[in-house]
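**Student:** structural data only, the sequence is not supplied:
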């Protein structure tokens, strides 16, 4: 009896949907972050690159680092970089945020793929996961 090696199991369609969406969103995020890093290294940014490394190596607190490098009192909250996208480091932070939400965007693709394929109870499971991931990514659900 000969083993058939030509046949490879096909992945589920919703797995392909999730993988393609998450992959593409993550790559877009990485490209945005890389552009931001280049801008930061060439032109500077919101944080003073000359002092940030020294502050980090010394083990300074987050409050001290933000005060010395950005001139702000205290640590800014969640989406501090959105108002400063002209700065390289803020653009890099946007790229990181985009890459981080790739899973949430991908799972919404799974929900719609399951709806189209009449996925039964899996639609409910995917929807619950998509809502939880979206709320977490938006900062509504925390720690």
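**Tutor:** Yep, it's here. All figures in this text were calculated on a predicted structure; none of them were measured in a lab.

**Student:** any idea how far residue 41 is from the most centrally placed residue in the chain?
**Tutor:** Per Cα atoms, centre = their mean, the C-alpha nearest to the average position across the chain is that of residue 100, at 1.5 Å. For residue 100, the distance to residue 41 equals 22 Å [Cβ to Cβ, to the nearest Å]. Just so you know, the C-beta spots here come from the backbone N, C-alpha and C atoms, and that holds for glycine as well.

**Student:** quick one: the residue nearest to the centre of the chain and residue 136 touch, right?
**Tutor:** No: at 10.0 Å, residue 100 does not count as touching residue 136 under the criterion of Cβ atoms under 8 Å.

**Student:** and the closest residue to residue 85 other than its chain neighbours, how many neighbours?
**Tutor:** Counting by Cβ to Cβ, 6 or more residues apart in numbering, residue 91 is the residue found nearest to residue 85 once chain neighbours are left out, at 5.6 Å. Burial measure for residue 91: 24 neighbouring residues, criterion other Cβ atoms under 10 Å.

**Student:** same thing with residue 116?
**Tutor:** Residue 116 has 11 nearby residues by other Cβ under 10 Å.

**Student:** next, give phi and psi for it.
**Tutor:** phi -70, psi -40 (degrees, to the nearest 10).

**Student:** pLDDT at it, what is it?
**Tutor:** Reported pLDDT at residue 116 in the predicted model: 90.

**Student:** do residue 65 as well
**Tutor:** pLDDT recorded at residue 65 is 81.

**Student:** contacting residues for it?
**Tutor:** 52, 55, 56 (Cβ atoms under 8 Å, 6 or more residues apart in numbering).
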